[in-house]
Every structure is written in C-alpha cells, then in structure tokens.
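Asker: Any chance you could fold what I've pasted below:
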Amino acid sequence: MLIDHAIKTLVAVFITVFTVIGCTSNNHIDTHKVSIDSLKTLPDYFYAHRRGRVYLEDINAENYRIWFNKDNEGNVKDIFKIEDLKRGNSNSDFVTKTYSIDTSLCKIYTQKFIDLSRKYKIGHIFIDRNNKIYFSYKDGLAEEYVKVLNDSINNVYSNKKDFVLLSNGWYQNTEQ
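Answerer: Residues are numbered from 1 along each chain as shown. Take a look at the predicted model:
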C-alpha cells in the first residue's frame, strides 16, 4: 500500500516537472537574446554558411553571389569566387565591374554576419530592412524565424498556416 502511494506520488512529480519544463521552454529568439536592432546593422543581402565557406548574395536585383573562404578561426579570409546569377558568368573581374561591387565592403559585411551568427547561432539570414528579416539555424529550413517590418508582410504571415506569432513579435515556422 505504501509502495503504491510512493509510486503514484513519484509519477505525479514527474508529470508536473515535465509539464513545467514544456511550458517554460524558450524559442531561439529568447534563448539567444536575438536583437532586431543588431540584425538591422547588416545591409540588405542574403548571408549564409555553406560547406566550410560563407557567402553574400544580392537580394535586390539577384545579380550576384560572392563566396568567401574562411581562415582557421572561421573568419573571412578571401574571395573564393564571384558568381553572376543572371548570366552564369563566374569571371570575378567581369562580374565585379558589371555590377560595380565593392568587394572590400562586402567582406566587411560578411564578417559582421559571421560575428552575429556566432552570437545568435544563425546559419543563414535574409535582411530586407523595408519588409522582413528571416533566419534559421537549421539547414533546409529557410524561414525558421521571421520578423516582419511592415503591415502588408505581416498580413501575409498572419495568414500562413505553418507560422505562429510569438509573444516577442517574431513569427516561428512550425514546419520543423
């Protein structure tokens, strides 16, 4: 009889603990204290880590992508290649001149992305300061967390079935 009561009490304690843990779990934004203001310091580009390299991609006209090698500490080292996304040309000089790319500035932006990705545990991020910022730390899930920056984009995400609005103002993709 005493053993049955002890087992029931133990089961009740486990259920309570797991319920409390489940209710208080934080999302990535809250866990890593992601600051929208610090993300907005990045210029409008798509940034990503991929296969030991990092790249920056033009999002406005979708003209080019610049791949950077990393040094031993994981920082930007030098340009690996520059791709012309419109023409399929990978002659770096041609692409740089055609689109008037300041590669030194792009290197600075990419290093800033690396620093923020370390701080916030981000694998890739899309910055469009007029519309939305989205990022993910999961490979294959483009928009894991989305911060909308205007009403029309907010209307789009509020109607998407696979996104929920978190109390911190970010949308989280539930398709995981």
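
Asker: buried stuff in the lengthiest strand in the chain?
Answerer: Using DSSP state E to define each element, the chain has its longest strand at strand 76-84. Residues of strand 76-84 classed as buried by neighbour count (16 or more other C-beta atoms under 10 Å): 76, 79, 82-84. To be clear about C-beta, it is placed using only N, CA and C from the backbone, and glycine gets the same treatment.

Asker: what's the closest of these to A61?
Answerer: Nearest to A61 out of the buried residues of strand 76-84 is D84 (C-beta to C-beta; 11.4 Å).

Asker: In space, what's closest to that closest one - neighbours in sequence excluded?
Answerer: Leaving aside its sequence neighbours, D84 sits nearest to V95 (C-beta to C-beta, 6 or more residues apart in numbering; 4.6 Å).

Asker: Turn the buried residues of strand 76-84 into CSV, columns for distance to N60 and pLDDT.
Answerer: CSV is the format used below for the buried residues of strand 76-84 (distance: C-beta to C-beta, whole Å; pLDDT from 0 to 100):
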residue, distance to N60, pLDDT
V76, 22, 97
I79, 20, 95
I82, 16, 95
E83, 16, 94
D84, 15, 93
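
Asker: So which elements touch the very next helix or strand once past the longest strand of the chain?
Answerer: Of the helices and strands lying after strand 76-84 in sequence (DSSP states H and E), the nearest is helix 92-98. Judged by 3 or more C-beta pairs under 8 Å, 6 or more residues apart in numbering; DSSP states H and E, helix 92-98 is in contact with strand 76-84.

Asker: List the contacts of Y45.
Answerer: 56-59, 109, 127 (C-beta atoms under 8 Å, 6 or more residues apart in numbering).

Asker: so D139, which of the three states?
Answerer: coil (DSSP: H, G, I helix; E, B strand; the rest coil).

Asker: cool, and F113?
Answerer: Following three-state DSSP, F113 is assigned to helix.

Asker: Which residue is the nearest non-sequential neighbour of the residue nearest the centre of the chain?
Answerer: What sits nearest the mean C-alpha location of the chain, by C-alpha atoms, centre = their mean, is F135, with 2.1 Å. Excluding its sequence neighbours, the residue lying closest to F135 (C-beta to C-beta, 6+ apart) is I125, at 4.0 Å.

Asker: Would you mind identifying the helix or strand in the protein with the lowest mean pLDDT?
Answerer: helix 2-23 (a mean of 55; mean pLDDT, DSSP states H and E).
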